Structure formats: C-alpha cells, structure tokens
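1. got a predicted structure plus its sequence, pasted below:
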Amino acid sequence: MDNFFSFNERLGISIPDLQKSWDVYTHEEQQEILVTWEKIRGRIPDRIAELENEINHKQSELDNEGDFPRSCRLNSEISDLASIINDLWLWYRTNQDVSTKVHM
C-alpha cells in the first residue's frame, strides 16, 4: 500500500500518490486504496486538534512575550500551523465522497 501513498512531513499524514490513472488500477487495488484513504482521512480531525493545541500554546507564549523578534517568530509559527490546518481540512473535505465508493 506504500506504493499508493506518501508521507507528507508538513501535514503529518500520508496522502495519495497515485502514479497511474484511476481506471488502470484493478478493482481490488482501488478498494484497497479507498479503504486505506478512509483510515487516514479518519485521523485528520485528530491531527488538526494536535495542531490547534500547538497554536493555543504559542498564543499563550505570545501573550506574555515582550521581545519583538520572538513575537514575530511566534506569529509566523502560528500562521504556518494555521496554513497546515487549512490544507488538512481541504484534504478531508475534498475526499468526502470516497466513503461511498468504498461501500460499492
């Protein structure tokens, strides 16, 4: 199954990495891919919660930070984490229809 997914360091999850057109895969491969993706997709909300906790921690640090350069770094880190969360939600929502294909 590793052939069909690659781990994305930035997102912290594996994402589909299909090298061929969907129709070229056998029915069994398609089902295996879909089931695996649904398992990965099901963990996305947990990954988002982890990142939100990191943001909350950094915001708490920012509230008490008097050093301007450090405040800028924290703001940048918060922005990066928010961007990752946005991308994770896109992956999660874009593939909502996959679960219906799994049960076909």
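-> Perfect, I can see it now.

2. most remote residue from the chain's center?
-> Here the chain has its C-alpha centre computed as a mean, and the residue farthest from that point, by Cα atoms, centre = their mean, is G66 with 33.0 Å.

3. quick one, phi/psi of that one?
-> Backbone dihedrals for G66, given as degrees, to the nearest 10, come out at phi -100, psi -10.

4. and it, how far from E28?
-> The span separating G66 from E28 equals 60 Å under the rule Cβ to Cβ, to the nearest Å. Glycine gets a C-beta too; all of them are placed from N, C-alpha and C.

5. and if you look at W22?
-> For W22, the distance to E28 - Cβ to Cβ - is 14 Å.

6. also R41?
-> In this structure, R41 lies at 20 Å from E28, with Cβ to Cβ as the measure.

7. equivalent analysis for Q59, please.
-> 47 Å.

8. which one's more surrounded, the two?
-> With other Cβ atoms under 10 Å as the criterion, Q59 and E28 differ in neighbour count, and Q59 comes out ahead with 12 against 8.
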